[in-house]
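In: Just a sequence and a predicted model for now, questions to come.
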Amino acid sequence: MTLPVLFGANVDPSHADPTAPLRAAERIERAGLDLVTIQDHPYRPGFYDTWTLLTYLAARTNRVTFVPTVANLPLRPPAVLAKSAASLDVLTGGRLRLGLGAGAFWDQIVAMGGPRRAGLDRIRALDEAIDVIRALWSDARSVRAGGEFYRVRDVEPGPRPGGELAIWLGANGPRMLDLLGAKADGWQPSLLHLGLDDLPAASARVDAAAERAGRVPGSIRKVYNITGLVGPESPRPFRGSAAQWVDQLAVLVGRHGMNGFVFWPESDFDRQVERFAAEVVPAARAALT
């Protein structure tokens, strides 16, 4: 199974300029990209609430798909998150994918009333959350799911989301990658946290976990978040010319099974998104067909 390669760009949730996120999302859609991602850090005073922002942006756009990258599970209970995601998916005609993370920045999470989790507890809680979310997306009359960290009993699901709503995990560690391969629909690693030297082994681990679970590895969406610039030729990955970008993306697709890329421009957002969409993406799509 081969998924089509998707391209997108990240929108900063900063409210320093209140209208900047909308302008950015509109620019991404006009440029013909597939995805808008928005990071989720509710404890940062300079950021809008991500769920509110992506809902607003989805209502002001028509085609592009939105992804929190990734929703902060310790501060967003999975039963309510499932309801929110299903609702937005239906309202937008299927333009949502649920990026989900186990949590980080624990001091800030605790300061906002969330739990502090470490080690296996982070993974076990995420595992239970996936079960709760999937149960509440089902067409069952009532559901029970979860366990130690999250538990729902005799809850009536609804609304029923469309078939494209999926759970994408932000995961780097080996146990998280195993969970992803076994139970999730997509993966959102980042160049800043999982570099090019470590990406091949991590991708292979996801595939191996999928195979052990009886799943088709090629059915998993693998979206690499790339911080960089499109400009003159450079020896540094993803800071060079459009032709260099195309060659580097082709390697990630052909050798390592990546099938999506989200651009995080280091500077000059508007111009960089335009160059990425006009110079990199069409050439990459042509090279990958």
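Out: Cool, got the structure. Numbering: from 1, shown residues only.
In: Sketch out the strands for this protein, chain order is fine.
Out: Along the chain, the stretches classed as strands by DSSP state E are 6-10, 35-38, 65-68, 71-72, 98-101, 143-146, 151-155, 167-169, 186-187, 221-228, 260-265.
In: what about those, which gets the closest to Gln248?
Out: strand 221-228 (9.0 Å; Cβ to Cβ). (Each C-beta comes from the backbone N, C-alpha and C, glycine too.)
In: Output that closest one as CSV, nothing but the C-alphas.
Out: These are the backbone C-alpha positions of strand 221-228, laid out as CSV (Å, rounded to 0.1, in the frame of the first residue of the first chain):
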residue,chain,number,x,y,z
ARG,A,221,1.0,8.2,7.5
LYS,A,222,4.6,9.5,8.2
VAL,A,223,4.8,13.3,8.2
TYR,A,224,8.2,14.8,8.8
ASN,A,225,8.2,18.4,10.3
ILE,A,226,11.2,20.2,8.7
THR,A,227,12.6,23.5,9.9
GLY,A,228,14.6,25.2,7.3
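In: Now mean pLDDT too, for the strands of the chain, in JSON lines please.
Out: Shown next, in JSON lines, are these (pLDDT from 0 to 100):
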{"stretch": "strand 6-10", "mean pLDDT": "98"}
{"stretch": "strand 35-38", "mean pLDDT": "98"}
{"stretch": "strand 65-68", "mean pLDDT": "98"}
{"stretch": "strand 71-72", "mean pLDDT": "98"}
{"stretch": "strand 98-101", "mean pLDDT": "98"}
{"stretch": "strand 143-146", "mean pLDDT": "97"}
{"stretch": "strand 151-155", "mean pLDDT": "97"}
{"stretch": "strand 167-169", "mean pLDDT": "98"}
{"stretch": "strand 186-187", "mean pLDDT": "98"}
{"stretch": "strand 221-228", "mean pLDDT": "98"}
{"stretch": "strand 260-265", "mean pLDDT": "98"}
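In: Tabulate those in JSON lines, adding columns for distance to Glu128.
Out: Formatted as JSON lines, these follow (distance: least, Cβ to Cβ, whole Å):
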{"stretch": "strand 6-10", "distance to Glu128": "29"}
{"stretch": "strand 35-38", "distance to Glu128": "25"}
{"stretch": "strand 65-68", "distance to Glu128": "19"}
{"stretch": "strand 71-72", "distance to Glu128": "15"}
{"stretch": "strand 98-101", "distance to Glu128": "12"}
{"stretch": "strand 143-146", "distance to Glu128": "5"}
{"stretch": "strand 151-155", "distance to Glu128": "8"}
{"stretch": "strand 167-169", "distance to Glu128": "13"}
{"stretch": "strand 186-187", "distance to Glu128": "19"}
{"stretch": "strand 221-228", "distance to Glu128": "22"}
{"stretch": "strand 260-265", "distance to Glu128": "27"}
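In: which one of those lies closest to Ile109?
Out: strand 71-72 (7.3 Å).
In: residue contacts, Gln39?
Out: With contact set as Cβ atoms under 8 Å, 6 or more residues apart in numbering, Gln39 has these partners: Asn10, Asp12, Pro13, Phe47, Thr50, Pro68, Thr69.
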